[in-house]
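Asker: Generate coordinates for the sequence data below:
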Amino acid sequence: MEWSLERVREMVAGGMQSMRECESSAFGTAMCLLLLFVWYCYRVGREHSSSPLRGRYGTEPSRVGGGGGTLISSEGGGRAKGRQASTVEEQNGFAYCQSSECFRCTNTGEGLNQRLYHSLQDYAKRYTWSGMGRVHKGVRDQGRYLSSRPTIQRPEVFFLPDLPSAPFFSRDAQKHDVELLERSFPALLAEFENIYHHPPARSGSSLPPGWKVNSTPHGQWWTYYLVNQGTPLALNARRCPRAWRVLGQLRTFIANNVFGNACFSVLTPGALITEHYGPTNVRLRCHLGLRVPPACELVVGGEPQCWSEGSCLLFDDSFLHRAFHEGVAEDGPRVVFMVDLWHPNVAAAERQALDYIFTPGR
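Answerer: Okay, here's the model as predicted:
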């Protein structure tokens, strides 16, 4: 092969042209990948931000919806009457509502199990399978878990396996939120007094606006929901700005799925809430005592406890439980502020997945 200056120039020029073509191809590939990534982020971000439960707990309840939400979730998580259209049956002492709007009453059986599994698969495709071992196990074997649970603890909708369980939990289980609620006792009590003594909503009604009557075999049980089954109640929230701010400051309040509730709960003297189970074991129900007369008791898993004014009770309402007020009329009502907090052993990744799977309306 004859080497010459011209030949070298030709070879160098050819090499540079080849490099330019390779750079152009690599640059085009990189740009396509970048555009695909931006499009994916836009899709995920749009869907994530469109949830009606995101960004709700600011200082003002400006973003709250569902003012007409169903009011089914009971004091301890049991089924009770919501609107007048719903009816209540009693079988062996257990109360069952049949509201067409209640998540727990309309989402049961094999159909629910299949929807849960599809929702989990959808979540994993969009985000990750990492940390989903227990959730996957729970969703896959949900029917077996719910049917084989001992009668002392039997959640009605979803059971997460391998969670430590006990009827009552120490206040240290959710120390920050318990202390915040107890510091807010004076403000919450004052706000309760305001809504409780407000004039009735309409003539012929005995209750102030926002209050609902629940079904009990004896006495009266009234609730005033700020959040019901994951749905904020706008009008009620506006009437209780301090309670709404407290909810926004809680670190473990279940704000984004159907297992989350927050309300003022009133039991009149002689009232009995029959024994029942809550929907899940992934939450702890917290009662802050606002007014606690004598002869009031909460029994969870066969263990009795009494409320105390200004103090919180934490319990797992997936255990069989009931509540009663056996005082006289002069004692006045028993009043608690009730919120649902995450079980401390549910990991952050699991909470995010459960929020997605049990988003209201899914």
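Asker: Going by C-alpha atoms from here, please, whenever you check contacts or count neighbours.
Answerer: Fine.
Asker: these two touch, right, Ser215 and Trp221?
Answerer: Yes: at 7.2 Å, Ser215 counts as touching Trp221 under the criterion of C-alpha atoms under 8 Å.
Asker: Between its first and last residues, how far does stretch 148-165 reach?
Answerer: The straight-line separation of the ends of stretch 148-165 (C-alpha to C-alpha, to the nearest Å) is 16 Å.
Asker: swap that for stretch 313-333, sorry
Answerer: Using C-alpha to C-alpha, one end of stretch 313-333 lies 18 Å from the other.
Asker: Give me the distance between that stretch and the centre of its chain.
Answerer: Going by C-alpha atoms, centre = their mean, to the nearest Å, the spacing between the C-alpha centre of stretch 313-333 and its chain's C-alpha centre is 22 Å.
Asker: Which residue ranges of the stretch 151-300 of the chain form strands?
Answerer: Counting by DSSP state E, counting those that start in this stretch, the stretch 151-300 of the chain has strands at residues 168-169, 212-214, 221-228, 231-232, 262-267, 272-276, 283-291, 296-300.
Asker: right, and these - which one's nearest Asn113?
Answerer: Of all the strands of the stretch 151-300 of the chain, strand 283-291 sits nearest to Asn113, with 19.5 Å by C-alpha to C-alpha.
Asker: and that closest one, which strands flank it?
Answerer: strand 312-315 (antiparallel), strand 334-342 (antiparallel) (DSSP bridges).
Asker: and whichever helix or strand comes after the longest one, what does it pack onto?
Answerer: Translated: strand 334-342. Sequence order places helix 348-357 as the next helix or strand after strand 334-342, per DSSP states H and E. Counting by 3 or more C-alpha pairs under 8 Å, 6 or more residues apart in numbering; DSSP states H and E, the packing neighbours recorded for helix 348-357 are helix 110-126.
Asker: Remind me what the helix it packs on packs against, helices and strands.
Answerer: Using 3+ C-alpha pairs under 8 Å, 6+ apart, helix 110-126 sits against helix 133-140, helix 142-148, helix 348-357.
Asker: Hey, what's the angle from the first one to helix 348-357? Just curious.
Answerer: In this structure, helix 133-140 runs at an angle of 30 degrees to helix 348-357, with axes from the mean of the first three to the mean of the last three C-alpha atoms, to 10 degrees as the basis.
Asker: could you check the angle helix 110-126 makes with helix 133-140?
Answerer: Using the same axes, to 10 degrees, helix 133-140 lies at 150 degrees relative to helix 110-126.
Asker: residues making contact with helix 133-140?
Answerer: For helix 133-140, the surrounding residues in contact (C-alpha atoms under 8 Å, 6 or more residues apart in numbering) are Asn113, Leu116, Tyr117, Leu120, Tyr145, Phe158, Phe159, Leu160, Pro161, Asp162, Glu350.
Asker: tally of neighbours for the first one?
Answerer: Using other C-alpha atoms under 10 Å, Asn113 has 20 other residues around it.
Asker: now the fifth one
Answerer: Neighbour count for Tyr145, taken as other C-alpha under 10 Å: 18.
Asker: ditto for the second one
Answerer: Neighbours of Leu116 under the rule other C-alpha under 10 Å: 22.
Asker: Over to Arg144?
Answerer: The number of residues packed near Arg144 is 11, by other C-alpha under 10 Å.
Asker: From Gly138, how far out is it?
Answerer: Distance, Arg144 to Gly138, by C-alpha to C-alpha: 9 Å.
Asker: quick one: low-confidence parts of the stretch 101-250 of the chain?
Answerer: 101-111, 201-205 (pLDDT under 70).
Asker: how near is Asp316 to Leu35?
Answerer: 48 Å.
Asker: ok, those two, which is more surrounded?
Answerer: Neighbour count, other C-alpha under 10 Å: between Asp316 and Leu35, Asp316 has more, with 29 against 12.
Asker: so what's Ala243 up against?
Answerer: Per C-alpha under 8 Å, 6+ apart, neighbours of Ala243: Ala187, Leu188, Glu191, Ala237.
Asker: List the buried residues for stretch 119-135?
Answerer: Neighbour counts over stretch 119-135 (16 or more other C-alpha atoms under 10 Å) mark Ser119, Leu120, Gln121, Tyr123, Trp129, Met132, Val135 as buried.
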